[in-house]
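**Student:** quick one, what's the 3D model for this:
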Amino acid sequence: MVILLIGGECSLMNALIDKLHKDKHRVYLITGKRERTRGYHKVFEKYNFPYDCDGIKEIFESTRPDVVLHMGAYDTNYDWSQARKESVRFTSELTNILSAFCGNKKGRFVYLSSQEVFGKSYPEEVKEEELVSAKSFKAMAVSQGETICKSYENTRGMETAVLRLDHLYGVPKKGKMEDNPCFDMILTAFKTKKIAANSRNEFSMLFQSDAVEFIARLITAEHLEHDIYHISSGNRITQTELAELVKKNLGEGCEIHDDTVGTGHRLVLDGRRYKEEFGQTIFVGYEMGIKKVAQYMKRHEETFLKTEEYKNQGIGIWHLIKSIILLLVPYAENMICFIPFFMLNNRAVGSQYFDRLDFYLLYVLLFAIVYGQHQAIFSSLLATAGYCFRQMYDQSGFEVLLNYNTYVWMAQLFILGMVVGYMRDQIRFVKNQGEEEIGYLSGQLDDMADINDSNVRMKHIFESQIVNHKDSLGKIYEITSALDRYGPEEVLFYAARTLSQLMDSADVAVYTIADKHYARLFSSTSKAAGKLGNSVEYKNLTEIYEELKEHRVYVNRTLHEGYPMMASAIYEGDQMQIILMIWGIPWERMNLAEVNRLTVVGYLIQNAVVRANRYLNALKEQRYVEGTQILDTKAFTQLVHAFEDAKRNGLTECTLVKIDSDKKLEKKGKKISVLLRQSDYIGTMEDSLYVLLPNTDQKNAVYVVKRIREIGFDSHVVTREVTA
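**Tutor:** Numbering: from 1, shown residues only. The predicted structure follows:
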């Protein structure tokens, strides 16, 4: 399953990635930031893109996810200390993500919400149909996100699901702030050594590991009956009970202060809808969960006391001071530059060479060109003040104000400064607009380049998997086609070795069906693979037989010691001919991928086996002595050679018994055949009669020799290999 996660780095995100990777899903991640984050080794591909960029659409088109999981209320990319500002960004970016995703013709969009959308107190468990009652800006933004998802489902035909988690808590990351009752109470205990608790405040908490299991179960479900679910432990706890557990795990350093006043507050989500549809088992109770959180936070107490709140407060003050300084710098520079121009203007008055030069006009033009209209006006005011001050050397202030030339000079100075400043502002505006457009297009180009690089990497990975991976059909066919190089008598021996190689198991056995009740061991790659014995009443292996008769692969999910880990059957028509058993497979590989691989390998082996059987059946009349079941010399010699080669390679055990000849081969053959098993062979070589006993060592062959002697025929075990 292809799953795309959207959200910032946090312990919940890490746990989800681990869980989905363990379940063999292909996981992609959109981090929501341009900055390079730490590596996620279990993520197939990571995209460092903000949520509001246009490249999100290309990511969806490239990955084609079956499920998109948006972290929603648990996305760490949002700083809810500035909730009003962040709520606007949250809803706009969620809208951009949904708009990009709705172009996909398939897929499910899952949005994580929380109990925060309910701000009131409820006497009963809150069901999914209850109207939200958000109070804070964050809660309103999260609830609005639910509404946006529902709106896109109704208008665009998307499949969306909202998951509300009930007071999620877990072991936090070192130094990272979290918002849940357990964390807040422990942090308060660190700061004040006191815990205020109200016995009338009641709620339910859900440990993170349980939440991850429930989320993974829902997002990978084939079908959802509803579009909104509450995920809750259902175990109610009061604030006082929580405080007692916290004190128990932190030690005697803190005290509980009874703060029971008023009517109290009760909020517990009703999780019966989820439980009825998917099933639910809580593995981490309050005792264990609070103990884990308290012990971890106690070990790293100093890192949590240095809260992000104080850091952000200091950063905020510094940014305010910095912005004020940057705002005042042009005015300070203007005033400083005014001093030399004032002095130059005073020196130029009465000068033979510079009397006609207006230094104040140059001063205003300079700041109008450099800083624009606002500084041009400010510099004009300073220049006017300097001009009037210089005129009062020879005139009174009243005379300066009544002088016509003063106002004409001021008018031309302001007009020229404002016009030049306005032109400068317009030119800068057009330039900035062009730079913004170029920057936007460059960003789009960079995004497309990043996505293309990602696609190229994935293409190479898929190519490598197709060419080299053990699951590759090409690789499987290359190995199984080697069976065609062996003779018809040898195929089943080397089918065991081929199956061992492809399934990466050292313990493989091949059983042939002898009759309607028994299967005989034909070949095996180890002693452990033949632990069921040389002869198996396969219908008594109920669990295996029930699966095989339905043409399905048997998987030993109960880890029954007497059964193989996996088994498959080869059919010719409707008749079961061969049973393939695999013993040495670890538990984590007993999954759908291995089942599919065994199915494909079984079909390819079946082709070789069926082809060999049909070849032997076609030559049946030529291979047997006429009117008997005795193989002729050529056919029997080939068969013996095949068994001896397989024996040398450790694939089977066999023994050859020679019957002393008196030329009455046919008569002897009929009498001896009655004593043999259906899997035994009888044939002629060097004018003598021989019996080939598969899966029989020399010790057990003595019993066959004894039975043959009892009917009056001399026989003995042949200890050398046949070379004829």
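**Student:** show me what the nearest residue to residue 235 once chain neighbours are set aside is bridged to.
**Tutor:** Spatial nearest neighbour of residue 235, excluding adjacent residues (C-beta to C-beta, 6 or more residues apart in numbering): residue 204 at 5.9 Å. Placement of C-beta: from N, CA and C, glycine included. Per DSSP bridges, residues listed as beta-bridge partners of residue 204: residue 236.
**Student:** for residue 204, what are its contacts?
**Tutor:** Taking C-beta atoms under 8 Å, 6 or more residues apart in numbering, we find residue 204 in contact with 166, 167, 232, 233, 234, 235, 236, 237, 268, 269.
**Student:** and the least confident of those?
**Tutor:** Lowest pLDDT within those is found at residue 234 (87).
**Student:** ranges for the helices of the stretch 1-150 of the chain?
**Tutor:** Remark: helices assigned in the stretch 1-150 of the chain by DSSP state H, counting those that start in this stretch are 11-22, 55-63, 83-101, 137-156.
**Student:** what's the first one in contact with?
**Tutor:** With C-beta under 8 Å, 6+ apart as the test, helix 11-22 has contacts from 3, 5, 7, 27, 29, 40, 42-43, 69, 71, 74, 76, 168, 170-173, 208-209, 211-213, 215-216.
**Student:** let's see that with 7 Å instead.
**Tutor:** Identification of contacts with helix 11-22 by C-beta atoms under 7 Å, 6 or more residues apart in numbering yields 3, 5, 7, 27, 40, 42-43, 71, 74, 170-173, 208-209, 212, 215-216.
**Student:** could you do the third one as well?
**Tutor:** By C-beta under 7 Å, 6+ apart, the list of residues contacting helix 83-101 from outside reads 6, 51-52, 56-57, 60, 68, 70, 78-80, 109, 136-138, 140-141, 144-145, 148-149, 152.
**Student:** can you tell me the average pLDDT over stretch 370-390?
**Tutor:** Stretch 370-390 carries an average pLDDT of 80.
**Student:** kindly report the same for stretch 137-153.
**Tutor:** 93.
**Student:** tell me which residues of that stretch come out buried.
**Tutor:** 137-146, 148-149, 152-153 (16 or more other C-beta atoms under 10 Å).
**Student:** in CSV: those residues, plus distance to residue 296.
**Tutor:** As requested, the buried residues of stretch 137-153 are exported to CSV (distance: C-beta to C-beta, whole Å):
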residue, distance to residue 296
137, 30
138, 26
139, 28
140, 32
141, 30
142, 27
143, 32
144, 34
145, 31
146, 32
148, 36
149, 34
152, 39
153, 39
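**Student:** just want the most central residue of this structure.
**Tutor:** Here the mean C-alpha position of the chain is nearest to the C-alpha of residue 27 (C-alpha atoms, centre = their mean), at a distance of 3.0 Å.
**Student:** next up, the contacts around it.
**Tutor:** Listed by C-beta under 7 Å, 6+ apart, the contact partners of residue 27 are 3, 5, 17, 20, 21, 42, 43, 44.
**Student:** neighbour-wise, give me the winner out of the residues you listed.
**Tutor:** residue 3 (27 neighbours; other C-beta atoms under 10 Å).
**Student:** check contacts around it.
**Tutor:** Going by C-beta under 7 Å, 6+ apart, residue 3 touches 20, 25, 27, 65, 66, 67, 69, 219.
**Student:** show the buried residues in those residues.
**Tutor:** By 16+ other C-beta under 10 Å, those give 20, 25, 27, 65, 66, 67, 69, 219 as buried.
**Student:** got CSV for those residues, with distance to residue 685 and pLDDT too?
**Tutor:** Output for these, formatted as CSV (distance: C-beta to C-beta, whole Å; pLDDT from 0 to 100):
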residue, distance to residue 685, pLDDT
20, 62, 91
25, 59, 89
27, 63, 91
65, 66, 91
66, 63, 91
67, 66, 93
69, 70, 95
219, 67, 91
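**Student:** partner residues bridging the residue nearest to the centre of the chain?
**Tutor:** Applying DSSP bridges, one finds that residue 27 bridges with residue 3.
**Student:** which PyMOL command selects the buried ones in the contacts of helix 11-22?
**Tutor:** Buried members of the contacts of helix 11-22, defined by 16+ other C-beta under 10 Å, are picked up in PyMOL with:
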select buried, resi 3+5+7+27+40+43+71+74+170+171+172+173+208+212+215+216
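**Student:** so which of the contacts of helix 11-22 belong to strands?
**Tutor:** 3, 5, 27 (DSSP state E).
**Student:** nearest to residue 550, of those?
**Tutor:** residue 3 (31.3 Å; C-beta to C-beta).
**Student:** what about the closest one, distance to residue 588?
**Tutor:** 19 Å (C-beta to C-beta, to the nearest Å).
**Student:** do residue 157 as well
**Tutor:** 38 Å.
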